[in-house]
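Visitor: Sharing a sequence plus its predicted fold:
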Amino acid sequence: MRESNKGLLVVISGPSGVGKGSIINVLRERRSNIKLSVSATTRSPRPGEVDGVHYFFIDEPTFQSMIDRDEFLEYMHVFNTHFYGTPRSFVVEEMEAGNDVVLDIDVQGAMKVKDSFPDAVLIFIAPPSLSELKERLIGRGTETAEQVERRFNTAFEEMKLAGKYDYVVVNDILDIAVNKVENIIGAEKSRISRNCALISELSGGSEK
């Protein structure tokens with residue numbers, strides 16, 4: 001008698017500079033069953049990129065066929081050049097193997113996943129404040145003032161959709177934020193709706 005071993009699909013979104021990647025990296029260090037979703041793309045591999053590890057590199061006709069067969073949880077056409085999408089089969093196979101799949105995508109992609117995979121757990125990573133977010137963007141020192149301002153304005157628009165997520169986690173202190181995400185995953189795994197077989201056994205259903 002045990003809880004369900006099926007994994008979760010966890011969607012993590014948040015504005016640029018909020019620390020999503022750091023949270024995911026620590027999660028993966030702590031939990032061996034956390035798998036980062038691998039996206040498919042029609043662009044060519046960059047030096048050092050490995051097919052099936054960084055992306056699934058496929059041609060545009062193949063990608064279009066996958067769209068027609070509803071094989072993506074979400075996809076997008078970036079600047080009318082290359083397609084990017086989340087293959088449904090990869091996510092489902094990992095979940096069936098008992099792994100929790102983390103999907104790091106923007107809010108538009110998250111809303112598409114919510115429609116196509118209602119069982120997904122959506123977590124929005126928020127900054128302590130907008131001013132703190134702007135300081136982080138500036139502090140990275142990798143972008144011009146104009147680029148920082150553009151990212152900041154995009155972040156402001158993204159946070160308007162935070163209310164459509166299941167949870168919000170403020171990333172002020174990294175370890176605390178990671179602990180909160182871990183607690184969310186643990187709580188979701190204990191939902192009655194995810195443990196119907198266990199409940200049936202406990203109530204004597206398996207003996208009837």
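Guide: It's in. Numbering: from 1, shown residues only.
Visitor: quick one: contacts of the helix or strand containing residue 25?
Guide: Taking DSSP states H and E as the definition, residue 25 sits inside helix 20-30. For helix 20-30, contacts defined as Cβ atoms under 8 Å, 6 or more residues apart in numbering pick out 12-14, 34, 36, 102, 104, 125, 169, 171, 174-175, 177-178, 181-182. Backbone N, C-alpha and C define where each C-beta goes, glycine included.
Visitor: how does it look with 10 Å?
Guide: Identification of contacts with helix 20-30 by Cβ atoms under 10 Å, 6 or more residues apart in numbering yields 10, 12-14, 19, 34-36, 100, 102-105, 123-125, 169, 171, 174-175, 177-182, 185.
Visitor: Residue 85 contacts residue 62, doesn't it?
Guide: No: in this structure, residue 85 is not within contact of residue 62 by Cβ atoms under 10 Å, at 11.2 Å.
Visitor: who's more crowded, these two?
Guide: Taking other Cβ atoms under 10 Å, residue 85 and residue 62 do not tie; residue 85 has more neighbours (23 against 12).
Visitor: what's across from that one in the sheet?
Guide: In this entry, residue 85 is beta-bridged to residue 40, residue 75, by DSSP bridges.
Visitor: hmm, back to that, figure out how far the helix holding residue 25 is from the centre of its chain.
Guide: Put simply, helix 20-30 sits 12 Å off its chain's centre (Cα atoms, centre = their mean, to the nearest Å).
Visitor: got the CA positions of it in CSV?
Guide: Extracted in CSV, the C-alpha atoms of helix 20-30 (Å, rounded to 0.1, in the frame of the first residue of the first chain):
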residue,chain,number,x,y,z
LYS,A,20,14.1,30.7,-12.1
GLY,A,21,17.2,28.9,-13.3
SER,A,22,18.9,29.0,-9.9
ILE,A,23,15.8,27.5,-8.2
ILE,A,24,15.6,24.8,-10.8
ASN,A,25,19.3,24.0,-10.6
VAL,A,26,19.1,23.6,-6.8
LEU,A,27,16.0,21.4,-7.1
ARG,A,28,17.8,19.1,-9.5
GLU,A,29,20.7,18.9,-7.1
ARG,A,30,18.5,17.9,-4.2
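Visitor: List the neighbouring strands of the next helix or strand after it plus their orientation.
Guide: Of the helices and strands lying after helix 20-30 in sequence (DSSP H and E), the nearest is strand 34-36. Applying DSSP bridges, strand 34-36 is found paired with strand 100-104 (parallel).
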